[in-house]
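1. Please find the sequence and the predicted model below.
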Amino acid sequence: MAGSFTFYPMKSLRCFLSLAACALAALPGCNRSEPAAAGSAAASGAGKPTIALVVKTLNNPFFIDMQKGAEEAAKKAGVNLIVQAADREIDVERQMQIIENLIERKVSALCIAPSGSREIVPVIVKANKAGIPVLIVDTRVDEKALAAAGGKIVTFIGSDNNDGGKLAGAFVAEKLGGKGNVAVLEGIPGHETGDARLRGFREAVAAFPGLKIVASQPANWERDQGFNVFQNILQSNPTVTALFACNDLMALGATEAIAAAGKAGKIVVVGFDAQPEAREAIKKGTMAATVAQFASRMGSTAVENAHKLLAGEKIAPFTPVAIELVK
């Protein structure tokens with residue numbers, strides 16, 4: 001009847017309004033959810049695969065270059081990219097925690113530069129069980145440990161560190177005329193990258209009977225340890241005429257120890273990685289050479305290969321990245 005209305009008691013009105021709210025919430029576009037995690041597919045583009053790059057540290061210019069290469073490739077491929085790392089290169093456990101978190105986030109693919117060749121194996125197995133493909137960059141995984149655990153990787157992308165060590169050894173032999181006392185700053189003991197560089201260097205030096213390695217000690221890839229360890233080496237072996245450091249950060253630390261000892265320009269220093277500061281040191285004469293292995297290319301190739309794999313394409317089990325001596 002026109003002009004009439006129905007009266008609802010207050011309790012009934014509250015019930016009606018509650019039901020109406022529920023009905024509205026069920027409509028498309030009206031539901032609420034928690035904000036997407038930063039870097040996830042939902043946060044940066046629904047439907048895009050999310051590729052994670054886990055490097056050893058972002059306190060080293062080498063891995064910053066790797067990140068830049070990965071970012072450029074991700075932009076071209078139209079994929080989401082997450083880049084994470086531990087604060088220190090020697091923090092293997094932190095790197096494993098990062099990878100486990102990424103597995104729980106269900107990223108589409110994992111690209112890993114392992115801090116520990118054997119230690120990384122358990123998280124690779126976890127990724128395998130979760131159906132997440134694993135691509136290894138820069139440092140090889142221990143093949144025996146991986147096989148024993150039943151783990152699998154899709155590919156390895158990196159340089160031949162053994163050959164890089166040989167390049168450095170041949171250069172030192174040439175500079176010293178095949179005679180002299182040589183020191184070595186090693187990386188982390190048991191770490192495949194440093195071990196391979198050291199093996200290659202020793203093989204090259206062994207061809208020259210007049211060259212003698214008088215000291216070989218770890219400095220754990222770090223600049224301050226490069227300074228401290230080489231300072232001690234100089235005190236106990238003052239006749240050292242050449243140094244091979246398994247990365248540029250240790251080499252640069254050693255050049256500071258050489259300068260402090262008043263021996264600048266008197267010791268042939270060779271590094272590895274061809275970082276910008278090392279290239280500058282070569283120009284200034286405080287370093288003699290470094291081995292370049294193109295970290296940016298490793299990062300871009302890793303992302304490109306992961307994208308191809310996710311698109312159903314086959315990729316090679318090994319993608320070599322060239323090395324060269326910079327002097």
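-> Ah, there it is. Numbers count the residues shown, from 1 in each chain.

2. Find the helix or strand that the most centrally placed residue in the chain is a member of.
-> By CA atoms, centre = their mean, the chain has its centre lying nearest to Val55, at 2.8 Å. If you go by DSSP states H and E, Val55 is part of strand 50-57.

3. doesn't Val303 make contact with Ala73?
-> Yes. Using CB atoms under 8 Å, Ala73 makes contact with Val303 at a distance of 3.9 Å. In short, each C-beta sits where N, CA and C put it, glycine included.

4. Where do the helices of the stretch 151-300 of the chain begin and end?
-> 161-176, 192-206, 223-236, 248-260, 276-284, 295-310 (DSSP state H, counting those that start in this stretch).

5. Quick check: buried residues in the second one?
-> By 16 or more other CB atoms under 10 Å, the buried positions in helix 192-206 come out as Glu192, Thr193, Gly194, Asp195, Ala196, Arg197, Leu198, Gly200, Phe201, Arg202, Ala204, Val205.

6. who's in contact with it?
-> Residues outside helix 192-206 that contact it (CB atoms under 8 Å, 6 or more residues apart in numbering): 117, 138-142, 160-170, 172-173, 182, 184, 186-188, 211, 213, 216, 221, 244, 246-247, 272.

7. Glu89 reaches Asn60, doesn't it?
-> Yes. With contacts counted by CB under 8 Å, Glu89 reaches Asn60, the gap being 6.6 Å.

8. what touches both of those two?
-> With CB under 8 Å, 6+ apart as the test, Glu89 and Asn60 both reach Trp221.

9. contacting residues around stretch 220-233?
-> So stretch 220-233 is contacted by 60, 88-90, 183, 185, 187-188, 194, 215, 217-219, 240, 243, 245-247, 249-254, 256-258, 260-261 (CB under 8 Å, 6+ apart).

10. how far out from the middle of the chain is that stretch?
-> 21 Å (CA atoms, centre = their mean, to the nearest Å).

11. Please state the mean pLDDT value computed over that stretch.
-> The average pLDDT within stretch 220-233 is 97.

12. Next, the buried residues of that stretch.
-> Quick answer for stretch 220-233 (16+ other CB under 10 Å): Asn220, Trp221, Glu222, Arg223, Gln225, Gly226, Phe227, Val229, Phe230, Gln231, Ile233.

13. any chance of these in CSV, plus distance to Lys327?
-> Converted to CSV, the buried residues of stretch 220-233 look like this (distance: CB to CB, whole Å):
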residue, distance to Lys327
Asn220, 26
Trp221, 22
Glu222, 24
Arg223, 21
Gln225, 25
Gly226, 20
Phe227, 23
Val229, 24
Phe230, 20
Gln231, 25
Ile233, 23
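
14. which among those residues gets closest to Thr155?
-> Trp221 (24.4 Å; CB to CB).

15. Ala148 versus the closest one, what's the distance?
-> Trp221 is 27 Å from Ala148, where distance means CB to CB, to the nearest Å.

16. One more: Ser296?
-> 34 Å.

17. Neighbour count for the two, which is higher?
-> Ser296 (19 against 10; other CB atoms under 10 Å).

18. Distance check, the more buried one against Ala73.
-> Where Ala73 is concerned, Ser296 sits at a distance of 10 Å (CB to CB).

19. Let me see the mean pLDDT of stretch 176-195.
-> 94.

20. Just the buried residues of it, please?
-> Buried, per 16+ other CB under 10 Å, within stretch 176-195: 176, 180-188, 191-195.
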